[in-house]
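My questions concern the predicted model and sequence given below.
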Amino acid sequence: MKLLERIYTAGASYKEAALKMLCLLERNFSVSSDILGEFTGDIASINSVVKEYCGHIIILGYWQRRFKKQEVSLAVKPSHIGLEHSYGVFQKNLHILAGVAKKHRVFLWVDAEKRGDREIVTTSIISERALGYDNIGQAMQCVHSDAKVFLEKLLKWNIAIRFVKGAYTDGDLKKDKDIVANFKDCFWTALFHFKNSPVKSTVAVATHDSKLINYALKFCEIDHELRPFIQIQMLYGIRVKLQMELIKKLSAIGVNLLIYVPWGSDRVGFLKRRLAEGIHPSAMWLFVRNIFETLRYNK
């Protein structure tokens with residue numbers, strides 16, 4: 001487990017994680033800091049989490065001012081900031097974080113979690129956008145056949161979207177070909193919405209699937225005007241060799257490659273959840289390959 005912690009997370013403490021995030025930034029990667037923890041239920045713990053986030057945003061803001069061409073953002077899980085307790089607590093804390101992040105020019109990515117929470121999370125993000133917080137985006141899981149319903153709501157407000165296949169097991173799409181088709185359809189819809197909209201926002205492809213990455217990058221070749229708002233996102237420790245190859249290509253054409261960097265005291269819990277969700281027979285070779293690649297390239 002210690003080896004997996006080293007490979008798939010950036011450390012247990014801020015000091016460890018900061019060194020690795022700064023190293024990524026210096027190599028032209030964008031970063032999204034992901035403080036580990038989910039399903040926090042009691043008010044005292046939730047308040048402590050929100051306080052930690054607020055302090056961390058100040059540091060991220062300093063990095064963003066230093067690395068102006070890249071994105072320095074914070075990833076937030078709804079269940080970590082109050083959704084397990086109540087809608088009201090979650091909405092209040094999301095508003096606090098959106099305000100602090102706006103002040104320090106930090107982007108806020110709100111992660112996708114349970115299927116049943118999508119309406120609440122989408123409504124809350126739209127509420128923040130209506131209040132003028134344009135520094136907020138939502139992850140969308142394409143394992144749900146009705147993902148486009150929520151996408152269209154977000155696009156009406158020109159909200160940034162992060163498309164993921166979806167690691168959670170509550171999606172109604174089970175075949176990879178159906179998930180990929182839904183992913184491409186949603187990505188295409190969002191991309192051309194922002195191409196034709198006077199208000200631009202990020203359309204992020206969050207995947208380690210080379211075919212989907214290449215699909216997204218074809219649009220950069222077809223239309224150079226799309227490059228500033230297309231973004232590729234990958235997880236820390238996953239396909240590190242590909243990350244190193246992509247950063248050279250993408251930096252040259254002005255497309256950001258963002259690395260989600262998980263860190264914090266809940267590393268064991270994080271790994272157990274990811275193993276339970278994502279490791280199946282067809283993914284075992286990728287899992288093993290990641291170990292060797294990360295030991296070689298993430299130094």
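Thanks, I have the structure now. Model, not experiment: these values are computed from the prediction.

Only C-alpha atoms from now on, for both contacts and neighbour counts.
Noted.

quick one: buried residues of the one helix or strand A252 maps to?
Assigned by DSSP states H and E, A252 belongs to helix 240-253. Judged by neighbour count (16 or more other Cα atoms under 10 Å), helix 240-253 contains these buried residues: 240-241, 243, 246-247, 250-251.

Need those residues in TSV (columns: pLDDT and distance to G41).
Shown next, in TSV, are those (pLDDT from 0 to 100; distance: Cα to Cα, whole Å):
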residue	pLDDT	distance to G41
V240	89	35
K241	89	38
Q243	94	36
L246	96	39
I247	96	39
L250	95	41
S251	93	41
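
any idea which of those residues is the one closest to F29?
Nearest to F29 among these: I247, at 6.8 Å, using Cα to Cα.

So the closest one is in contact with L257, correct?
Yes - assessed by Cα atoms under 8 Å, I247 is found in contact with L257 at 6.4 Å.

For the two, list the residues in contact with both.
Counting by Cα atoms under 8 Å, 6 or more residues apart in numbering, the residues touching both I247 and L257 are F29.

which residues touch E84?
By Cα under 8 Å, 6+ apart, the neighbours of E84 are 39-41.

By pLDDT, give me the weakest of those.
Ranked by pLDDT, the contacts of E84 bottom out at F39 (74).

Contacts only, for that residue.
79-80, 83-84.

how about 10 Å then?
46, 77-85 (Cα atoms under 10 Å, 6 or more residues apart in numbering).

re earlier: of the contacts of E84, closest to A147?
Looking across these and measuring by Cα to Cα, the closest to A147 is F39, at 23.0 Å.

Backbone dihedrals for the closest one, please?
With angles defined as degrees, to the nearest 10, F39 sits at phi 60, psi 50.

any idea how far the nearest residue to it once chain neighbours are set aside is from V89?
Spatially, and ignoring its direct neighbours in sequence, F39 is nearest to S79 (4.6 Å; Cα to Cα, 6 or more residues apart in numbering). Noted for S79: a distance of 11 Å to V89, by Cα to Cα, to the nearest Å.

More neighbours: the two, which one.
Looking at S79 and V89 with other Cα atoms under 10 Å, you find the greater number of neighbours at S79, namely 22 against 17.

How is that one assigned, secondary-structure-wise?
Of the three states, S79 takes helix under DSSP: H, G, I helix; E, B strand; the rest coil.

Next, the contact list for it, please.
Residues near S79 by Cα under 10 Å, 6+ apart: 37-41, 46, 85-86, 90, 111-114, 117.

Quickly name whichever of those is closest to G264.
Among the contacts of S79, and counting by Cα to Cα, the member closest to G264 is G37, at 7.9 Å.
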